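*Asks:* With the sequence up front, the predicted model follows.
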Protein chains: 2
Amino acid sequence: MIAHVRIEPLTVAAFAPYGDVLEAVGAPDRIINEGSCERFHDRARLDFGPDGRAGLSVFHAMPRSLPLTLELVERHPEGSQAFVPMSADPFLVIVAMDEKGRPVNVRAFRTAPGQGINILRNTWHGVLTPLAGPGRFTVIDRVGATPNLEEYRLAAPLVIRD
Amino acid sequence: MIAHVRIEPLTVAAFAPYGDVLEAVGAPDRIINEGSCERFHDRARLDFGPDGRAGLSVFHAMPRSLPLTLELVERHPEGSQAFVPMSADPFLVIVAMDEKGRPVNVRAFRTAPGQGINILRNTWHGVLTPLAGPGRFTVIDRVGATPNLEEYRLAAPLVIRD
């Protein structure tokens, strides 16, 4: 029998152990541009490691449909990774806790329009999973010379579903 | 008589003197996630100055309609500023060259779906100008203790239009 993981809505509180939710919600930190713009300031725990620097890349990912079979997660030991969707379409954010180098307690979140995420350094997560095409994202992560990817293939696949 | 500036489509070549266009166009630099994702790697000339660090903020800006009267431009002497729209709606990018501390040759570009921008350090630009609501953007710019904003009020307003 295959274990199932139910999709939850993405909220700041639920996602805090794994990273930051990027959204314009609540009270802004500043009002700028002569009153025309709210700034929610410095909302991500960015981390580019001891020998890296911030890089800005664009990802174009194939959309996936639900239910989704999860077989692989990954993490980045050298830095955080932020995903900003360049559309209002939802995407799926799959994360897990670590127990002695193994991902455990997989959770899945669906974003709402206007939400992006920043995944903390060394946090297990699924690959980028848009739920609608064309799936274009700006990614802010570490650029550096040393390896920054660890993959883990699940012994037993999980089914992610509503 | 008020001078007019005609809006141009945003292209990499036209925008190169002012900054970078963030888009998934042309050949990707890498294919990742077992073939499911194209990575256009490290596509912005990020610059956080000598004493700053990278910060990630969210902006929520009021939409503007055309034609638009431009009276103010600004620049950031301590760092670059990237704007990633969190929707597929277009926004207006207004930039200018510098001549002895004064903005000259104002140009205006309209983005297409899936385009973001990175404005180079010390480049004159208009404030964030979404053309449709609600105008949510993730902004990657310099966080630091020293002033990083220079404003310039145009002696003669310009009308930006199609």
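*Replies:* Received, thanks.
*Asks:* who's in contact with the residue located most distally from the centre of chain A?
*Replies:* Going by CA atoms, centre = their mean, the residue of chain A most distant from its centre is A:Glu34, 33.0 Å out. Each residue near A:Glu34 by CB atoms under 8 Å, 6 or more residues apart in numbering or on different chains is listed here: B:72, B:127. Just so you know, the C-beta spots here come from the backbone N, C-alpha and C atoms, and that holds for glycine as well.
*Asks:* Pull out the buried residues from the lengthiest strand in chain A.
*Replies:* Longest strand in chain A by number of residues (criterion: DSSP state E): strand A:150-161. Within strand A:150-161, the residues that count as buried by 16 or more other CB atoms under 10 Å in any protein chain shown are A:152, A:154, A:158, A:160.
*Asks:* That one close to chain B?
*Replies:* No: Strand A:150-161 lies out of reach of chain B by CB under 8 Å from any CB of the partner chain, never closer than 9.8 Å.
*Asks:* The closest residue to A:Leu154 other than its chain neighbours and A:Gly52, how far apart?
*Replies:* Of all residues not flanking A:Leu154 in the chain, A:Glu71 sits nearest, at 5.6 Å (CB to CB, 6 or more residues apart in numbering or on different chains). Applying CB to CB, to the nearest Å, the value for A:Glu71 to A:Gly52 is 28 Å.
*Asks:* Between these two, which is the more surrounded one?
*Replies:* Counting neighbours by other CB atoms under 10 Å in any protein chain shown for A:Glu71 and for A:Gly52 shows that A:Gly52 has the greater number, 18 against 14.
*Asks:* hang on, that one packs against A:Arg142?
*Replies:* Yes: in this structure, A:Gly52 is within contact of A:Arg142 by CB atoms under 8 Å, at 3.8 Å.
*Asks:* which residues do those two both contact?
*Replies:* By CB under 8 Å, 6+ apart, the residues touching both A:Gly52 and A:Arg142 are A:78-79, A:148.
*Asks:* Out of these, who's the most crowded?
*Replies:* A:Gly79 (25 neighbours).
*Asks:* and the residue nearest to A:Leu22 when sequence neighbours are not counted, how many neighbours?
*Replies:* Nearest residue to A:Leu22 in three dimensions, chain neighbours excluded: A:Gly116, at 3.8 Å (CB to CB, 6+ apart). Using other CB under 10 Å, A:Gly116 has 29 neighbouring residues.
*Asks:* Would you mind measuring from A:Asp42 to A:Gly26?
*Replies:* 15 Å.
*Asks:* what does A:Leu70 give?
*Replies:* In terms of CB to CB, A:Leu70 sits 32 Å off from A:Gly26.
*Asks:* Among those two, which residue is more densely surrounded?
*Replies:* Neighbours per residue, other CB under 10 Å: of A:Leu70 and A:Gly26, the larger number sits with A:Leu70, 20 against 9.
*Asks:* which residue sits closest to that one, ignoring its sequence neighbours?
*Replies:* Using CB to CB, 6+ apart, the closest residue to A:Leu70 is A:Leu158 (4.6 Å).
*Asks:* How about A:Glu8: which residues does it bridge to?
*Replies:* On the basis of DSSP bridges, A:Glu8 is bridged to A:Phe109.
*Asks:* So it sits against A:Arg110, correct?
*Replies:* Yes: contact between A:Glu8 and A:Arg110 holds when scored by CB under 8 Å: they sit 7.5 Å apart.
*Asks:* So which of these two has more stuff around it?
*Replies:* Neighbours were counted for A:Glu8 and for A:Arg110 using other CB under 10 Å; A:Arg110 has more, 18 against 13.
*Asks:* Touching, the more buried one and A:Ala132? I think so.
*Replies:* No: in this structure A:Arg110 lies outside contact range of A:Ala132 using CB under 8 Å: 11.5 Å.
*Asks:* Which pLDDT value goes with the residue nearest to A:Leu70?
*Replies:* At A:Leu158 the predicted local confidence, pLDDT, stands at 97.
*Asks:* for it, what are its contacts?
*Replies:* Contacts of A:Leu158 by CB under 8 Å, 6+ apart are A:2-5, A:69-70, A:106.
*Asks:* Just put those in JSON lines and tack on secondary structure.
*Replies:* Listed next are these as JSON lines, based on DSSP: H, G, I helix; E, B strand; the rest coil:
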{"residue": "A:Ile2", "secondary structure": "coil"}
{"residue": "A:Ala3", "secondary structure": "strand"}
{"residue": "A:His4", "secondary structure": "strand"}
{"residue": "A:Val5", "secondary structure": "strand"}
{"residue": "A:Thr69", "secondary structure": "strand"}
{"residue": "A:Leu70", "secondary structure": "strand"}
{"residue": "A:Val106", "secondary structure": "strand"}
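*Asks:* so which of those residues comes closest to A:Lys100?
*Replies:* A:Val106 (16.1 Å; CB to CB).
*Asks:* got the contact list for the closest one?
*Replies:* A:5, A:70, A:73, A:94-96, A:158.
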